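S.K.: coords below, sequence missing:
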């Protein structure tokens, strides 16, 4: 069994180009969602150490936009494993502006849940993690656990 905090983190950078902008001249929400899912997928794959054919995205949730992002800005997105279920894995992705190295303002963050599949069916991934140790990781884990309980009607 391993610590969830020791699972790989994935970081990707994107230059916000004119093609990424909405009618207000700021980053289009759909493009940000695409980038969040992309980083989430790479993070899930790194944690599960499996083929891309064995992972499917089932849910993008809790994605909040707190600050607009202008064209020409560089965004850095970091994904880390937030919760591990029997066949699922939820990744927390946080976006920050490149020049804001202290991450004082996070324009966007959210969660992406993936399911490990074989032959088109959910299959246990066999990744076992200990409960989180750091306070931040514990809060994120509990947030996802509570959300899952509500969705399952428990």
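M.R.: In hand now; what should we look at? Computed from a predicted model, the values in this text were never measured in an experiment.
S.K.: use CA for all of it now, contacts and neighbours both
M.R.: Fine.
S.K.: So which bits of the lengthiest helix in the chain are buried?
M.R.: Longest helix of the chain, by residue count under DSSP state H: helix 29-48. Buried residues in helix 29-48, counted by 16 or more other CA atoms under 10 Å: 29, 32-33, 35-48.
S.K.: quick one: contacts for residue 118?
M.R.: Listed by CA atoms under 8 Å, 6 or more residues apart in numbering, the contact set of residue 118 reads residue 54.
S.K.: what helix or strand does residue 100 sit in?
M.R.: For residue 100, there is no host helix or strand (DSSP states H and E).
S.K.: and stretch 119-128, average pLDDT?
M.R.: Averaged across stretch 119-128, pLDDT comes to 95.
S.K.: which residues touch that stretch?
M.R.: 1, 2, 48, 84, 86, 87, 88, 115, 116, 117.
S.K.: same deal with stretch 37-51?
M.R.: Stretch 37-51 is contacted by residues 7-12, 52, 55, 57, 60, 77-81, 89-93, 111-112, 114, 125, 127 when judged by CA under 8 Å, 6+ apart.
S.K.: Just the buried subset of those residues, please.
M.R.: For the contacts of stretch 37-51, a burial check counting by 16+ other CA under 10 Å picks out 7-11, 55, 57, 60, 77-81, 89-93, 111-112, 114, 125, 127.
S.K.: Residue 88 touches residue 116, doesn't it?
M.R.: Yes - here residue 88 reaches residue 116: they are 6.1 Å apart, a contact under CA atoms under 8 Å.
S.K.: More neighbours: those two, which one.
M.R.: residue 116 (26 against 22; other CA atoms under 10 Å).
S.K.: quick one: the closest residue to that one other than its chain neighbours from residue 88, how far?
M.R.: Nearest non-adjacent residue to residue 116, counting by CA to CA, 6 or more residues apart in numbering: residue 55, 4.8 Å away. Note on residue 55: its distance to residue 88, by CA to CA, to the nearest Å, is 9 Å.
S.K.: Which neighbours do the two have in common?
M.R.: Contact criterion CA under 8 Å, 6+ apart; residues shared by residue 55 and residue 88: 114, 115, 116.
S.K.: what's the helix or strand for the first one?
M.R.: To tie it back to what came earlier, the one meant is residue 114. Using DSSP H and E, residue 114 falls in strand 108-118.
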